[in-house]
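Novice: The sequence isn't on hand, but the structure is:
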Ligand code: PGA
């Protein structure tokens, strides 16, 4: 059985007080759920969020990014071992905003993925096509190339620690969602891409999340698709009620 995962990517939102308030609100909404629930606050608030939720087994605090080097002269960056040292076990890598604004490439992401796994972290690896790619009918080529370049250096065992997040760039923060059928078609293609390289057992064990304008009113239909194992939620993760409505959409 693949895990259902709903992860909230808070991006560059919420200072310390707002982080504490949102966590308090999340705890009020919390019900037992079979899904894994995660939140990704900004670096400055990770430690506080982790401490606050330490006793709480139901929400995992995760990071939005990390550097591939272990340490050194990389001003402004944070390493996997630093994240581990404050209890963080999971990191989002390759978000389209990191690719677009911070020049991340699948080549550099391959190094980040390797560094995270070398530190026994779990990776939520994000990828997805841009609007012009979809209009040109190239979305499968783009997605296959992103996965192959960033992940195909891994051995089959590594996929126990990999979660995939398909996020079509044209659907992120735009209110434009891939239709449930578009999401399902792409998720099935992603699973086939994995199966061709690693075999069906690996492909069927990896959770593939959908991200891009998932809201309480569309989550149920998207999550009902057989190859959609959860969501990476941006805007709607900043309101506890909306986030839990999405968590409870499974
Ligand atoms: P959105 O963001 O839900 O606001 O579209 C999703 C994401 O960027 O992970």
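Specialist: Arrived safely. Owing to the predicted nature of the structure, the values given are computational and were not obtained by experimental measurement.

Novice: Backbone dihedrals for the residue of the chain found nearest the ligand, both of them.
Specialist: The chain approaches the ligand most closely through residue 234 (2.2 Å), counting by CB to the nearest ligand atom. Using the backbone N, CA and C atoms, a C-beta is placed for each residue, glycine as well. With angles defined as degrees, to the nearest 10, residue 234 sits at phi -90, psi -100.

Novice: Count the neighbours of it for me.
Specialist: Using other CB atoms under 10 Å, residue 234 has 22 neighbouring residues.

Novice: a strand runs through residue 124, doesn't it?
Specialist: Yes. Under DSSP: H, G, I helix; E, B strand; the rest coil, residue 124 sits within a strand.

Novice: Residues contacting stretch 21-32, please?
Specialist: 10, 14, 39, 49, 52-53, 56, 58-59, 238, 240-241, 243-244, 248 (CB atoms under 8 Å, 6 or more residues apart in numbering).

Novice: In PyMOL, how would I select the buried members of those?
Specialist: Here is the PyMOL command that selects the buried residues among the contacts of stretch 21-32 (16 or more other CB atoms under 10 Å):
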select buried, resi 10+14+39+49+52+53+59+238+240+243+244
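
Novice: In three-state terms, label the residue of the chain positioned farthest from its centre for me.
Specialist: Largest separation from the mean C-alpha position in the chain: residue 73, at 27.6 Å (CA atoms, centre = their mean). Recorded secondary structure, residue 73: coil (three-state DSSP).

Novice: Could you do the one 10 residues further on as well?
Specialist: At residue 83 the chain is in helix, as set by three-state DSSP.

Novice: any idea of the mean pLDDT for the helix ranked longest in the chain?
Specialist: Counting by DSSP state H, the longest helix found in the chain is helix 180-198. Per-residue pLDDT over helix 180-198 has a mean of 98.

Novice: what's the next secondary structure element after the one helix or strand in the chain whose mean pLDDT sits lowest?
Specialist: Lowest mean confidence among the helices and strands of the chain (mean pLDDT, DSSP states H and E): helix 131-135, at a mean of 93. The helix or strand immediately downstream of helix 131-135 is helix 139-151, counting by DSSP states H and E.

Novice: Could you list every helix and strand that that next one packs against?
Specialist: On a contact count with 3 or more CB pairs under 8 Å, 6 or more residues apart in numbering; DSSP states H and E, helix 139-151 meets helix 106-118, strand 122-127, helix 131-135, strand 162-166, helix 180-198.

Novice: ok, and what's touching that helix?
Specialist: 94, 106-107, 109-110, 113, 125, 127-130, 133, 162, 164, 166, 168, 186, 189-190, 193-194, 197.
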